[in-house]
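Visitor: what follows is a predicted protein model with its sequence.
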Amino acid sequence: MLMRYVGYLATCRLQSLLSWTINESRLANVLLS
């Protein structure tokens, strides 16, 4: 149960970090172009 919860948290954290990075790079592309 605990490992599932930790895995869930890690997945959410990773997804939010990934989407944030994608948004940042997209913003950088818009500013640079």
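Guide: In hand now; what should we look at? Numbering: from 1, shown residues only.
Visitor: neighbours of Trp20, how many?
Guide: Around Trp20 there are 10 other residues, counting by other Cβ atoms under 10 Å. Heads up, the C-betas are built off the backbone N, CA and C, glycines and all.
Visitor: and the helix or strand hosting Leu27, average pLDDT?
Guide: Here Leu27 sits within helix 2-32, counting by DSSP states H and E. Per-residue pLDDT over helix 2-32 has a mean of 95.
Visitor: how far away from the center of its chain is that helix?
Guide: Offset of helix 2-32 from its chain centre (Cα atoms, centre = their mean, to the nearest Å): 0 Å.
Visitor: pull out the buried residues from it.
Guide: By neighbour count with 16 or more other Cβ atoms under 10 Å, helix 2-32 contains no buried residues.
Visitor: show me what it is packed up against.
Guide: In terms of contacts (3 or more Cβ pairs under 8 Å, 6 or more residues apart in numbering; DSSP states H and E), helix 2-32 is packed against no helix or strand at all.
Visitor: distance of Ile22 from Ala28?
Guide: Ile22 is 11 Å from Ala28, where distance means Cβ to Cβ, to the nearest Å.
Visitor: with Arg4 instead?
Guide: Taking Cβ to Cβ, one finds Arg4 at 36 Å from Ala28.
Visitor: what do you get for Tyr5?
Guide: 35 Å.
Visitor: gap between Leu9 and Ser19?
Guide: Distance from Leu9 to Ser19, by Cβ to Cβ: 16 Å.
Visitor: then Cys12?
Guide: In terms of Cβ to Cβ, Cys12 sits 11 Å off from Ser19.
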